[in-house]
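[1] Requesting a structural model of the entry that follows:
(one chain, ligands or ions: 1)
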Amino acid sequence: VSPIDLFEAMRTTGSTRAFSSEELPDEVLESAFEAARFGPSGGNRQPVRWVVVRDPDLKRALADLYALLQARDLEALRSGELRLGSDVEEMVEKANEFAAGLAEVPAMLVACVVLADLHNHMSGADGPNMIAGSCVYPIVQNLCLALRAQGVGSTITTLLCEREAEVAELLAVPDGMLCACHLAVGYPRRPFPARLRRLPVSELVVHDRFERA
Ligand SMILES: Cc1cc2nc3c(=O)[nH]c(=O)nc-3n(C[C@H](O)[C@H](O)[C@H](O)COP(=O)(O)O)c2cc1C
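    Numbers count the residues shown, from 1 in each chain. Model (predicted):
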């Protein structure tokens, strides 16, 4: 694989929703984990643990769970209850394609977090809060970039986190760990996008203060 410029990788690491049947070598995953682990975490407590799911029955079980949740979300999309930052029809098509092929992806990666390694302010009486993810997702994005650099596509999903208990049972996740997200990983069936559709910087950044209306 030829080297890829970091900025180029950042602009083109989109969600890969359709995968080729090409086998994904363990070494490719290994080198992605090797690079991803250098991501930051609060207090450098490094709370992320990974499960690499390759077993066909386990992938099928996860895909079946996913399909149920996705069907519900598509319903909410159609009724306008769920908002999107992209074209609805295009997104529905991609989401369906993704769900339909999920059991056959070369690997599903599950990012688990060791709760004891989160700072106290991340875990209140109601369990981990929004800040908890901040110790996980920089490493997850590092992984996506390291895969992209090797020509491998990925899609992050958090949908399965809703069925934490079932996923934990399937993957024998130990007590004291939670799944933070699941990634489908493999060589893309179509070329990577030349550039992803995102809001321009002018709509994203304010200097010093937001303007009050
Ligand atoms: C936290 C998170 C959760 C996501 N969950 C899903 C999901 O359940 N299903 C899915 O198809 N894509 C999921 N995605 C992918 C987003 O839909 C995708 O990043 C967004 O639509 C932009 O797509 P693009 O990067 O291909 O332009 C998720 C992404 C993130 C960061």
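[2] In terms of helices and strands, where is the residue lying closest to residue 82 once chain neighbours are set aside?
    Closest residue in space to residue 82, ignoring its immediate chain neighbours: residue 76 at 4.1 Å, by C-beta to C-beta, 6 or more residues apart in numbering. (Each C-beta comes from the backbone N, C-alpha and C, glycine too.) Using DSSP states H and E, residue 76 sits in helix 56-78.
[3] So what touches that helix?
    Outside of helix 56-78, the residues within contact range by C-beta atoms under 8 Å, 6 or more residues apart in numbering are 53, 82, 84, 88, 91-92, 95-96, 99, 102-105, 108, 157, 159-160, 162-163, 166-167, 170-171, 182.
[4] Moving C-terminal from that helix, which element do we reach first?
    Taking DSSP H and E as the definition, the helix or strand that follows helix 56-78 towards the C-terminus is helix 88-101.
[5] what's the offset of that next one from the middle of its chain?
    Taking C-alpha atoms, centre = their mean, to the nearest Å, one finds the center of helix 88-101 at 16 Å from the center of the full chain.
[6] Also stretch 97-113?
    10 Å.
[7] residues near residue 205, how many?
    7 (other C-beta atoms under 10 Å).
[8] And for residue 182?
    Burial measure for residue 182: 23 neighbouring residues, criterion other C-beta under 10 Å.
[9] Please apply the same query to residue 116.
    The number of residues packed around residue 116, counting by other C-beta under 10 Å, is 10.
[10] Would you agree it falls within a helix?
    Yes - if the criterion is DSSP: H, G, I helix; E, B strand; the rest coil, then residue 116 is within a helix.
[11] Pull up the pairing partners for the top strand by length along the chain, direction included.
    Of all the segments of type strand in the chain, defined by DSSP state E, the longest one is strand 177-186. Partner strands and pairing direction for strand 177-186 (DSSP bridges) are strand 107-114 (antiparallel), strand 153-157 (antiparallel).
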